[in-house]
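Peer 1: turn this into a structure:
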Amino acid sequence: MPAVRRLDLPPVWLAAFIVLAWVQARLLPLGLSLRSGVVDLLGGLLVGGGIVLMALAITEFRRHHTTINPHKTPVALITSGIYKRSRNPIYLADTLILAGLILRFDAVLSLPLVPIFVWVIERRFVLPEETRLRRIFRKEFHRYETKVRRWL
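Peer 2: Numbering: from 1, shown residues only. Have a look, this model is predicted:
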């Protein structure tokens, strides 16, 4: 696998967006602030919720003995556990973590990074993964996608 392909993974994108938000908060706050106990609590809850969601999703991957790498071909379609509620709980978890950290960093100008991150993840990973799942699991995936929403 080429080096660029190895780096084109959701955690790398998440880390890049987190670094952007952190740098913005430190170097370009422009006097904008949402800092309060409530916002800090909300940020912590979002990060914590994202971590729990991710753990639940990873548990399902392990249970089904299939790959978590979005570039590899899965051997099973996961429709159990948290995947009964969201087709993409790990990406949803990534989004919650990013939003929570932006709030914790008090990086007000970085709030637009959240929808941009969702857009990047959807284009780079979700759509190609769903195409692959449609090709491999045909009817089963069709039934699944009609019952379970992509994000929430």
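Peer 1: so which elements touch the helix or strand that contains residue 119?
Peer 2: In this structure, residue 119 sits in helix 113-121 according to DSSP states H and E. On a contact count with 3 or more C-beta pairs under 8 Å, 6 or more residues apart in numbering; DSSP states H and E, helix 113-121 meets helix 10-27, helix 89-105. Just so you know, the C-beta spots here come from the backbone N, C-alpha and C atoms, and that holds for glycine as well.
Peer 1: buried set for the first one?
Peer 2: Right, helix 10-27. 10, 13-14, 17-18, 20-22, 24-25 (16 or more other C-beta atoms under 10 Å).
Peer 1: and for the last one?
Peer 2: Applying a neighbour-count criterion of 16+ other C-beta under 10 Å, one finds 89-105 buried in helix 89-105.
Peer 1: what's the angle from the helix or strand containing residue 52 to helix 10-27?
Peer 2: Using DSSP H and E, residue 52 sits in helix 37-64. Computed with axes from the mean of the first three to the mean of the last three C-alpha atoms, to 10 degrees, the direction of helix 37-64 lies at 170 degrees from that of helix 10-27.
Peer 1: in helix 37-64, what's buried?
Peer 2: 42-43, 46-47, 50, 53-54, 56-57, 60-61, 64.
Peer 1: so which of those residues is the closest to residue 142?
Peer 2: Distance ranking of the buried residues of helix 37-64 against residue 142, using C-beta to C-beta, places residue 64 first at 19.0 Å.
Peer 1: tell me how many other residues surround the nearest residue to the closest one once chain neighbours are set aside.
Peer 2: What sits nearest to residue 64 in space, not counting adjacent residues and going by C-beta to C-beta, 6 or more residues apart in numbering, is residue 76, at 4.2 Å. The local packing of residue 76 (other C-beta atoms under 10 Å) involves 15 other residues.
Peer 1: pretty sure residue 76 is touching residue 62, no?
Peer 2: No - at 11.3 Å, residue 76 does not count as touching residue 62 under the criterion of C-beta atoms under 8 Å.
Peer 1: SS state for the residue of the chain most remote from its centre?
Peer 2: Distance from the C-alpha centroid of the chain, by C-alpha atoms, centre = their mean, peaks at residue 31 (29.5 Å). Using DSSP: H, G, I helix; E, B strand; the rest coil, the structure places residue 31 in coil.
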